[in-house]
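1. how does the following fold in three dimensions:
(one chain, ligands or ions: 1)
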Amino acid sequence: MTLTEINALEALAFETHFAGVLEHSPRYAAQVAAGRPYRSVEALAAAFAAAFTSDTPDAQLALIRAHPDLAGKAALAGDLTRESASEQASAGLDRLSPEEYAEFHRLNAAYHDRFGLPYVVCVREHSKESIFEGARRRLSNTPEQERRAALHEIGRIARLRVLDLVQEEGHD
Ligand code: GUN
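-> Predicted coordinates for the structure are as follows:
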């Protein structure tokens with residue numbers, strides 16, 4: 001669908017189309033629908049970021065916690081959203097060696113212990129190595145820095161998901 005078509009959709013159809021932009025958090029799409037028309041795909045993506053950035057601190061924590069662990073239990077059980085599964089596969093996280101799985105498990109556990117949150121990173125903008133490196137580096141952040149980092153990454157994830165859902169004008 002093109003941006004012109006998206007700007008003209010019924011609100012419910014818009015919400016359905018963009019329900020998966022924020023992980024397990026379709027309600028933000030309703031708010032973004034109400035802000036139409038958008039003049040560019042980037043403006044539409046920015047509206048998703050604005051929706052959760054202006055939400056309460058508790059809602060922001062819930063949004064971060066809605067993300068599954070990378071290469072975690074849900075991934076092993078095949079229990080991911082379509083978006084998360086394809087993102088994790090893009091960085092090769094669905095085909096790790098036993099040693100790499102074990103290292104992810106350790107890093108995820110250390111991260112949960114320190115912050116009470118899943119480690120969230122826009123995996124499509126990273127390699128397996130930089131995802132590992134980011135987890136180690138971010139463990140020395142303060143909880144407040146890390147809350148901000150996670151929300152920044154969620155904005156990046158949402159932007160790429162929006163780009164996937166909007167077709168360029170004139171290309172059916
Ligand atoms: N980065 C992109 N997708 C995901 C996800 O589903 N979970 C986490 N933790 N990070 C992500």
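
2. just give the nearest non-adjacent residue to residue 110, would you?
-> Sequence neighbours aside, residue 139 is the residue nearest to residue 110 in space, at 6.0 Å (criterion: CB to CB, 6 or more residues apart in numbering). Quick note: C-beta positions are derived from backbone N, CA and C, even for glycine.

3. count of neighbours near the one you found?
-> 15 (other CB atoms under 10 Å).

4. cool, residue 106 as well?
-> Per other CB under 10 Å, the neighbour tally for residue 106 reads 11.

5. before we move on, what about residue 22?
-> If you count neighbours by other CB under 10 Å, residue 22 ends up with 25.

6. list the contacts for the residue of the chain found nearest the ligand?
-> Distance from the ligand to each residue of the chain (CB to the nearest ligand atom) is smallest for residue 84, at 3.3 Å. Going by CB atoms under 8 Å, 6 or more residues apart in numbering, residue 84 touches 23, 67-68, 75.

7. the residue nearest to residue 110 and residue 111 touch, don't they?
-> Yes. Counting by CB atoms under 8 Å, residue 139 does reach residue 111; the two are 6.3 Å apart.

8. got the CA positions of the worst-scoring helix or strand of the chain on mean pLDDT in PDB?
-> None of the helices or strands of the chain scores lower by mean pLDDT, DSSP states H and E than helix 73-76, at a mean of 88. Extracted in PDB, the C-alpha atoms of helix 73-76 (Å, rounded to 0.1, in the frame of the first residue of the first chain):
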ATOM      1  CA  LYS A  73      13.200 -19.300  24.900                       C
ATOM      2  CA  ALA A  74      10.500 -17.900  22.700                       C
ATOM      3  CA  ALA A  75      12.800 -18.000  19.700                       C
ATOM      4  CA  LEU A  76      13.800 -21.600  20.400                       C
END
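
9. check the offset of the following helix or strand past it from the chain's centre.
-> With elements assigned by DSSP states H and E, the helix or strand that comes after helix 73-76 is helix 82-90. Chain-centre distance of helix 82-90: 10 Å, with CA atoms, centre = their mean, to the nearest Å.
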